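>>> Sequence first, then the predicted structure:
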Amino acid sequence: MSFGNRKKKGKIGPHELREAELMLAGKKEVAYFSFDYPQEHFQTMKKCLEDGVFQSIKFGAEENENLLKLPPAVKNRILSLLGDGPYENIVVYVPGAKDKALRLVELMQPPWSRGYSEAVEREIGEILGYSEDDINFYIEQHKRA
């Protein structure tokens, strides 16, 4: 979920670049990183994973690698953004939140096959620790798009 530069309405607000900080502070149990998440912003989370503070589930590599089967111009653009991979999505979770993490993986696989579902988007937002106000804002933005 991304909310741009709007003011915080909920208890946490946008999480981009703050996931590890929020998880270490006990304000967030589960974080999702898509395969194209910039590695330079993942360093704190990576260290927490290496140190065993958090655990992770990786998924989606096969679907994401299909992007590389697109026409050469598109493929080259993707590679310029992503480098050499890996192309998997990652769900990171604190100890005790594995069931929530597994549920998130289930909800995220693959989103285009089920179409848009407000109930699913709401559940994803709840698992990721967003406030009801932020989830409602996200859903309203999606409806306008």
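That came through fine.

>>> Counting by contacts, list what the longest helix seen in the chain packs against.
Using DSSP state H to define each element, the chain has its longest helix at helix 132-144. Other elements packing on helix 132-144 under the criterion 3 or more CB pairs under 8 Å, 6 or more residues apart in numbering; DSSP states H and E are helix 118-127. C-beta: built from backbone N, CA, C; applies to glycine.

>>> quick one: the helix it packs on to helix 132-144, angle?
Inter-element angle recorded for helix 118-127 and helix 132-144: 140 degrees (by axes from the mean of the first three to the mean of the last three CA atoms, to 10 degrees).

>>> So Glu21 is in contact with Cys48, correct?
No: under the criterion of CB atoms under 8 Å, Glu21 makes no contact with Cys48, lying 10.2 Å away.

>>> Between those two, which has more neighbouring residues?
Cys48 (19 against 13; other CB atoms under 10 Å).

>>> Let me see the contact set for that one.
Neighbouring residues of Cys48 by CB atoms under 8 Å, 6 or more residues apart in numbering: Ala20, Met23, Leu24, Phe54, Val92.
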